[in-house]
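Undergrad: generate a structure from the sequence data that follows.
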Amino acid sequence: MKTILKFPLEIGTTEICLPVGAQILSVQAQGHIICLWAICTRNGDEEIERRQFTVHGTGHRLPDNCGAYIATVLQPFLAWHVFETTEVKE
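TA: Residues are numbered from 1 along each chain as shown. Now for the predicted structure:
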């Protein structure tokens, strides 16, 4: 069975345990919280992997290995840029 799940992200780095093969749908602000939504397979015995995401503000320095760009999230007076910093095996 597939389900859409929501995960809050912190400014900086957040690690999330996701079922292997989870598909990122969107990253947006929900109120004052930046959230990531993903399609996940949930059958009770799925393999789980730790995936790491970073959130950087406009004008902030990025590391050389900032990862794969996921989304930009706009909040009043702020723009946040989300990257996945783990390598996802296809």
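
Undergrad: nearest residue to residue 47 in space, please, no chain neighbours.
TA: Sequence neighbours aside, residue 20 is the residue nearest to residue 47 in space, at 4.5 Å (criterion: Cβ to Cβ, 6 or more residues apart in numbering). C-beta here means a position set from N, CA and C on the backbone, and glycine is covered the same way.

Undergrad: which residues touch that neighbour?
TA: Counting by Cβ atoms under 8 Å, 6 or more residues apart in numbering, residue 20 makes contact with 46, 47, 48, 49, 89.

Undergrad: do residue 78 as well
TA: Each residue near residue 78 by Cβ under 8 Å, 6+ apart is listed here: 57, 58.

Undergrad: if we go to 10 Å?
TA: Residues near residue 78 by Cβ atoms under 10 Å, 6 or more residues apart in numbering: 11, 29, 57, 58.

Undergrad: tell me which element the second one is part of?
TA: Residue 29 belongs to strand 23-30 when elements are defined using DSSP states H and E.

Undergrad: then that strand to PDB, C-alphas only?
TA: The C-alpha trace of strand 23-30 is given here as PDB (Å, rounded to 0.1, in the frame of the first residue of the first chain):
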ATOM      1  CA  GLN A  23       9.400   9.500  -3.900                       C
ATOM      2  CA  ILE A  24       9.600  13.200  -2.800                       C
ATOM      3  CA  LEU A  25       6.400  15.000  -3.900                       C
ATOM      4  CA  SER A  26       6.800  18.500  -2.500                       C
ATOM      5  CA  VAL A  27       8.400  20.700   0.100                       C
ATOM      6  CA  GLN A  28       6.400  23.700   1.300                       C
ATOM      7  CA  ALA A  29       5.700  25.800   4.300                       C
ATOM      8  CA  GLN A  30       2.800  24.800   6.400                       C
END
